[in-house]
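have a look; sequence and predicted model below, questions after that.
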Amino acid sequence: MALALTLGERVDAFRAHVDQVVAAEGRPAGAVTILGVTKTHPRAAVLAAIAAGITDVGENYLQEAREKYADLPPVRKHFIGHIQTNKAKAIAAGFDVVQSVDRLDAGLALAKAGGTLGHAPRVLIQVNVSPTERFGVAPSEAPALARRLRDEGLTVDGVMAIGPLEGNVDAAFAQAQSAFAAVGGNTLSLGMSADWERAIHFGSTMIRVGTAIFGPRETREKERESV
């Protein structure tokens, strides 16, 4: 019976697969960052992933991040969950990037928090390209939201989107790609465990994966798989 891969071996195997897909698309090596989604996984696994070379980690829930992300080795911490405005200051204090700015009041709350703290995280505009997704602005509205938040002093560094569970993934990703071109910035966070290869085809610069790195996650509540 084959031995189970260690976390480090899973990271290496997945990175090699990503490199192959990136090369096949004619894109330069290193064009796509792997964001390790740590939701429900223990701090020890986060530390092991960082030791294996993962440079970016993401959490959906503020409370989990407080428990797992304190005093980590050098790594970029991303908030990828829905933003509650009353938690904006804690989010701004605990994360380097907030990927899920889906409305003006959320962005304004982060800007206000940044003013209080003396620094603000970089942000991405979350665009809705799936009829079943609850959050995100319409792609056509993303440039105006980005301009407004830049006027408030936030660094808007691109776009994040969640692909549809079923239906025309290519059409959805093309919408996200167009929104990214209109918003500007350096980051198109597009693609998860089931669809990251197509996301790379549509220009994704960051894929958000959990299972491929950490193994199956524990489901503590009925919720959509987000990794």
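Yes, it's here. This one's a predicted model, so the numbers in the text were calculated from it and none came from an experiment.

and the helix or strand hosting Ala44, what's buried?
Secondary structure from DSSP states H and E places Ala44 in helix 43-51. Buried residues in helix 43-51, counted by 16 or more other Cβ atoms under 10 Å: 45-46, 48-50. No exception for glycine: its C-beta is placed from N, CA and C like everyone else's.

which neighbouring elements make contact with that helix?
Counting contacts by 3 or more Cβ pairs under 8 Å, 6 or more residues apart in numbering; DSSP states H and E, helix 43-51 is packed against helix 7-24, strand 56-59, helix 62-68, helix 211-214.

convert the C-alpha atoms of the last one to PDB, please.
C-alpha atoms of helix 211-214 as PDB (Å, rounded to 0.1, in the frame of the first residue of the first chain):
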ATOM      1  CA  THR A 211      -7.500  20.400   0.000                       C
ATOM      2  CA  ALA A 212      -4.600  19.900  -2.500                       C
ATOM      3  CA  ILE A 213      -2.300  21.200   0.200                       C
ATOM      4  CA  PHE A 214      -3.800  20.300   3.600                       C
END
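
average pLDDT across that helix?
The average of the pLDDT scores along helix 211-214 is 90.

for this structure, which spans come out with low pLDDT?
Within the chain, the ranges that satisfy pLDDT under 70 run 1-3, 217-227.

still on that earlier bit, ok now the helix holding Ala44, how far from the chain's centre?
Its chain's average C-alpha position is 18 Å from that of helix 43-51, according to Cα atoms, centre = their mean, to the nearest Å.

repeat that for stretch 122-139.
Relative to its chain's centre, stretch 122-139 lies at 12 Å (Cα atoms, centre = their mean).

just stretch 59-79 next, same as before
13 Å.

same thing with stretch 107-122?
19 Å.

picking up where we left off before, need the helices and strands packed on helix 43-51 in JSON lines (columns: distance to Thr205 and mean neighbour count).
Written out in JSON lines, the entries for the helices and strands packed on helix 43-51 read as follows (distance: least, Cβ to Cβ, whole Å; neighbours: other Cβ atoms under 10 Å):
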{"stretch": "helix 7-24", "distance to Thr205": "10", "mean neighbour count": "16"}
{"stretch": "strand 56-59", "distance to Thr205": "11", "mean neighbour count": "24"}
{"stretch": "helix 62-68", "distance to Thr205": "23", "mean neighbour count": "16"}
{"stretch": "helix 211-214", "distance to Thr205": "18", "mean neighbour count": "22"}
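
could I get those as a markdown table with distance to Gly30?
A markdown table is the format used below for those (distance: least, Cβ to Cβ, whole Å):
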| stretch | distance to Gly30 |
| --- | --- |
| helix 7-24 | 8 |
| strand 56-59 | 13 |
| helix 62-68 | 27 |
| helix 211-214 | 18 |
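
just tell me which of these ends up closest to Arg150.
With respect to Arg150, and counting by Cβ to Cβ, the nearest of those is strand 56-59 at 22.8 Å.
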